[in-house]
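Q: got a predicted model here, sequence first, then my questions.
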Amino acid sequence: MAATVLIIDQDEEFASQLEEVLQGVGLEVSLTNDGKKGMDLAMATPPAAIILCVELQKMSGYSVCAKIKKDNALKAVPVIITSSEATPEVFEQHKKLKSRAEEYLKKPFPPAMLIEVLKNYIGDLMVQPHSEEAAVDIVEANDPVEFEDSTPPEQLQGQGDAIEEETAGTGLELGHIAPGALEAALGGTVGMTDTGEAPAYEEAQESEALTTVGFPSPLPSRPPPRDTGASAELARLRALVAELEDRASQISAERDQAIANVSAARAEADAAMSMRPQAGSTSGAASREVVELKKERVQKEKEIIRLREELNAKENERMAWLEKETELDGKIVELEESLELEKANRSQVEAKLAGELARLTGLEQSHGQAVEDFRRRLQEASDREAELNQRLEETQATLEETHASLGASSEHAEQLGLRVAELEQEGEQLRGVIVERDNEIAELRAKGTADEEEINRLRGELEGMTLEAQNLSGQLAAKTEEANGLLVDKASLEERLETTHEELESFRERTGQLEEEREQTQAFISGAEDRRFKALKALEIATALLHQDGTEAGLAEAEVIEDADLVEAEAAEATA
C-alpha cells in the first residue's frame, strides 16, 4: 500500500500541483484547507509526511505544527512548513523552538523541490518518476536561479569598496549592517539634479523622522485577568493571539512602507544621477560638484543603511511577537488537553452514578417484592383470622349446645370427648402454623429494615456523588459550555431521586395503614377475649352444675375447657 502525504494548504491550485507531482512518485495525497480538519485526519491515520502552510484561515500553521509535535503518535512524522509571507529570519526563529518543523520552504517553489526534500525522509517509500514532465521539473529545480537585477557581482563589489573608502572618515561602521543591506543599498547609483538640490535627501529626512517617531512602540503586555476559570483564560489567550496577529500584520505593513521609502530614495538618487553633467568637463566647478555629489552619495548610503537597520529591528520585533503567539498556541493546546481530561473524569463519575442508580433500583425492586410478600402474607393472616373467628363462633355455639345438653346420656358425653380431642389436635396444628407465620413475619420485617438501611446508605452515597457531580459540573461549566449537559443529567437524577423518595414515603404510608389494620384486628381479638371471659364464666356455672352428675359432668367440663383453650390459641395466632 502506498504511503500517504497530508497537505494542509488553503491555496487549492498550488496544492493540486503538489498532489500531481507526489502522485507521480507513487505517493497517495490527502488534501485539506483547514488546520483542525488536518489534525483530525493526521490523528485518524498518521501520514508518512505533512506539508503544512503557515497561512491558513482559522488558525496559524505554526499552531498546527505545535500540536503535531506535542502528540505522541504524530511527533515523529516529518513536517515541511511552507509560506509565501515568512522571511528567512522568521524561519530561523521558529527553528529554535521545541515544536520546530523538519524543513522550511518559501513559496513559490518548484514542486520538484519538494520531491528532493521528501527524499531525505521518506525516500524509501517513493518511486522514480516515469513521465518526462516530472523529469524536467527535477532538472529545473537544480538549475541556477536567474534574478532580474542584471548588475554583475563584480560591479557591486567595486561600488562597495568605493563606499568603504569614502566613508572611512565618517565614523560609519559598516560591520554592523544587517546581512544583505549593503548589496540592497548598492543596487543603483546616486547623484544630484542639475540645480544642485537633493530632493531625495529631504524626503529621506522626513522618512527618518517618521521611522523614528511614527513607528509605534510595542504594545504593552496586557495584565492577565483574574483566574475565573479555564474558559475565561482560553478566551483571553485567543484574544491575545488575535492581537498578536494584528500587531504582526501592522509590523509587516510598516516594514513594507520602509522598503517603499528606501526604494523611493533610490529612485530619486538614480534620477539625480541620470541628470548630472556629461563627463569631460574639467572646470573647477565640475570638480566641486563631483565632491558634493560624493558627499551626498555617502549621506544617502548612510540613510539607506539606517533605514535597513530599523527595518531589521522591526522584523526582530515581529519575530518576538510571533514566538509569543506560538507559546500562547501551546498553552491553548494544554488547556484543551486539560479539558479533555476533565471530560473523561466526568464520564467516569457518570458511569459510577449510573451503576449506583442501577443498584438502588434493584434494591427498590427487591424491597417492593418484599412488601408485596408481606401484603400477601398479611392477607393470608387476615383470611386465617376470619376463619378462626368463624370457628370461634362455631365453638361458642357448640358450648351453648353443651350447656343445653348437660343432662344428655353418657354416649353423647363420649362423642363430646372425641370432639374435644380432635379440636385439641387441630389446635396444636394451628399453633405450629401460627409460630411459622410469626417467624416469617419477623424475617420479613428484619429484611425490610435491612433493605431500608441499605437504601438510606445508598441514598447517602448518592447524595455524596451528587455533590461531587455538582462540583465537577461547576468546574466544567467554567471551562466549556458542554458541561451544561452534566447539569441536565444531574437534574434528571435529582428528579428520579425525588421520585424514589416519594415512593418510599408511599411505602411508609402503606405500612402505617397496615399497622392501623393490625390494631383494628387486635381490638377485634380483644373483643373475642371478652367473649371468652364470658364463656369461662358460663363454664364455671356449668362446672358447678356438673359436680352433681359425677364422671359424665367431668368429661363435659374437660371438653369445654379444651374448647376454651383452642379459642385462646386461635386468638393469640390472630394477634401475631
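A: Everything's here; your move.
Q: so Glu393 sits in a helix?
A: Yes: checked against DSSP: H, G, I helix; E, B strand; the rest coil, Glu393 lies within a helix.
Q: can you give me the domain assignment for the chain?
A: Here the domain parsing of the chain from automatic domain parsing is 4-142, 153-333, 345-575.
Q: weakest of the ones you listed in terms of mean pLDDT?
A: When those are compared by mean pLDDT, domain 153-333 comes last with a mean of 60.
Q: and for the closest residue to Leu504 other than its chain neighbours, the neighbour number?
A: Nearest residue to Leu504 in three dimensions, chain neighbours excluded: Ile455, at 7.2 Å (CB to CB, 6 or more residues apart in numbering). Every C-beta, even on glycine, is put in place using the N, C-alpha and C of the backbone. For Ile455, the neighbour count with other CB atoms under 10 Å is 18.
Q: Ile455 and Ile115: what is the separation?
A: Distance of Ile455 to Ile115, computed by CB to CB, to the nearest Å: 72 Å.
Q: the residue nearest to Leu504 contacts Leu363, correct?
A: Yes: with contact defined as CB atoms under 8 Å, Ile455 counts as touching Leu363 (5.8 Å).
Q: just give the number of residues close to His501.
A: Neighbours around His501, by other CB under 10 Å: 11.
Q: helices of the stretch 1-150 of the chain, start to end?
A: For the stretch 1-150 of the chain, applying DSSP state H, counting those that start in this stretch gives helices covering 12-24, 35-44, 61-70, 88-95, 111-122, 132-142.
Q: residue contacts, Glu440?
A: Arg377 (CB atoms under 8 Å, 6 or more residues apart in numbering).
Q: which element is it on?
A: Taking DSSP states H and E as the definition, Glu440 sits inside helix 410-479.
Q: Ala258 - how many residues pack around it?
A: So Ala258, with other CB under 10 Å, has 20 neighbours.
Q: was I right to think it contacts Ile304?
A: No: when contacts are counted by CB under 8 Å, Ala258 is not listed as touching Ile304 (10.7 Å).
Q: is Thr543 in a helix, a strand, or coil?
A: What three-state DSSP gives for Thr543 is helix.
Q: burial of it, as a residue count?
A: 16.
Q: same question for Val371.
A: Per other CB under 10 Å, the neighbour tally for Val371 reads 17.
Q: and it, what does it touch?
A: Gly448, Phe507, Arg510.
Q: can you give me the angle whichever strand or helix holds it makes with helix 410-479?
A: Using DSSP H and E, the element containing Val371 is helix 284-404. Put simply, helix 284-404 runs at 170 degrees to helix 410-479, going by axes from the mean of the first three to the mean of the last three CA atoms, to 10 degrees.
Q: tell me how many other residues crowd Pro509.
A: To be clear, residue 509 is Glu; Pro isn't right here. 10.
Q: identify the residues contacting the residue nearest to Leu504.
A: For Ile455, the contacting residues are Leu360, Leu363, Glu364, His367, Leu504, by CB under 8 Å, 6+ apart.
Q: which of those lies closest to Ser473?
A: Leu360 (20.7 Å; CB to CB).
Q: isn't that closest one right up against Arg457?
A: No: using CB under 8 Å, Leu360 makes no contact with Arg457, being 10.1 Å away.
Q: between the two, which has more neighbouring residues?
A: Ranked by neighbour count (other CB under 10 Å), Leu360 and Arg457 place Leu360 first, with 19 against 11.
Q: quick one: contacts for the more buried one?
A: Here Leu360 is in contact with Ile455, Leu458, Arg459, Leu462, Thr500 (CB under 8 Å, 6+ apart).
Q: how big is the angle separating the helix or strand hosting Arg508 from helix 284-404?
A: Applying DSSP H and E as the criterion places Arg508 in helix 484-546. Using the same axes, to 10 degrees, the direction of helix 484-546 lies 10 degrees away from that of helix 284-404.
Q: just list what helix 484-546 packs against, helices and strands only.
A: Under the contact criterion of 3 or more CB pairs under 8 Å, 6 or more residues apart in numbering; DSSP states H and E, helix 484-546 touches helix 284-404, helix 410-479, helix 551-575.
Q: out of these, which gets nearest to Gln57?
A: Here helix 284-404 is closest among those (CB to CB), at 15.5 Å.
Q: what's the angle between the closest one and helix 61-70?
A: Between helix 284-404 and helix 61-70, the angle comes out at 50 degrees (the same axes, to 10 degrees).
Q: so who does Ile122 touch?
A: With CB under 8 Å, 6+ apart, Ile122 has these contacts: Ala3, Val5, Leu27, Ala48, Ala49, Pro78.
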